[in-house]
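In: Please work out how this folds:
(chains A and B)
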Protein chains: 2
Amino acid sequence: MEIKNYQIKGRIWLETDEGHQLGPGRQKLLQAIKELGSITEAAKKMKMSYRYAWEIINELNSASSLIIVEKNTGGSGGGGSKLTAAGEALLMQYEHCKIAFEEFKTEINSRK
Amino acid sequence: MEIKNYQIKGRIWLETDEGHQLGPGRQKLLQAIKELGSITEAAKKMKMSYRYAWEIINELNSASSLIIVEKNTGGSGGGGSKLTAAGEALLMQYEHCKIAFEEFKTEINSRK
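Out: Modelled structure (predicted):
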């Protein structure tokens, strides 16, 4: 017997042992920094203060002992920020988990 | 490159198209009714009012057009409540999903 009209739903995120989290909101912030090359612009897009965006980035930067976002300093194009290779990897890891979780839910829901 | 200290975490629940949900709290309530044979006792164990427990059960009873919990009426042992076969099936469905989700997380986290 299966109660057919119930489907599995859920939420996932990445978390370190110390409780630092990367969920949908932070993923969008990192994505925006990647696209816009600027924390200021990314914060604007996310409708959060620069200060709050920077706190999140500081936390992520310290969470894995790897810099996730770095500020570009100097140069003719000076200023701006970008994801490091570790930042790109973290984003990709989250995306992979999200896709795997969608597949997992689809599989569970189709078993009935 | 993998950010090794991030692990996948998450939460799952069952949900109907109409948004009726069965998550960890309601699962515990159904489990308590199953064990105690009484909504009153189950509500006590869950530290919720009988009224609130009954509202949840009413919602679950109407959510799938299947009675999940039924009241025993009359008889020498009169009173009390129990899970129907549909209720047992719903509990089991939730348990299966939970186990599958644990396996899913373990698998994802061991890929690294």
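In: Buried residues, the helix or strand residue A:93 falls within. List them.
Out: Residue A:93 belongs to helix A:85-110 when assigned by DSSP states H and E. By neighbour count on 16 or more other CB atoms under 10 Å in any protein chain shown, the buried set for helix A:85-110 is A:86-87, A:89-91, A:93-94, A:97-98, A:100-101, A:104-105, A:108. From N, CA and C alone the C-beta is placed, and that goes for glycine too.
In: Relative to the worst-scoring helix or strand of chain A on mean pLDDT, what are the paired strands and their orientations?
Out: Least confident helix or strand of chain A, by mean pLDDT, DSSP states H and E, is strand A:69-71 with a mean of 91. Sheet pairing for strand A:69-71, assigned by DSSP bridges, gives strand A:81-83 (antiparallel).
In: contacting residues around the residue nearest to the spatial centre of chain A?
Out: Centroid-nearest residue in chain A: residue A:27, 1.9 Å away (criterion: CA atoms, centre = their mean). The neighbours of residue A:27, taking CB atoms under 8 Å, 6 or more residues apart in numbering or on different chains as the test, are A:91, A:94, A:95.
In: Look up how far residue B:61 lies from the closest residue in space to residue A:71 that isn't next to it in sequence.
Out: Excluding the flanking residues, the one nearest residue A:71 by CB to CB, 6 or more residues apart in numbering or on different chains is residue A:81, at 5.0 Å. Using CB to CB, to the nearest Å, residue A:81 is found at 54 Å from residue B:61.
In: same thing with residue A:67?
Out: Residue A:67 is 54 Å from residue B:61, by CB to CB.
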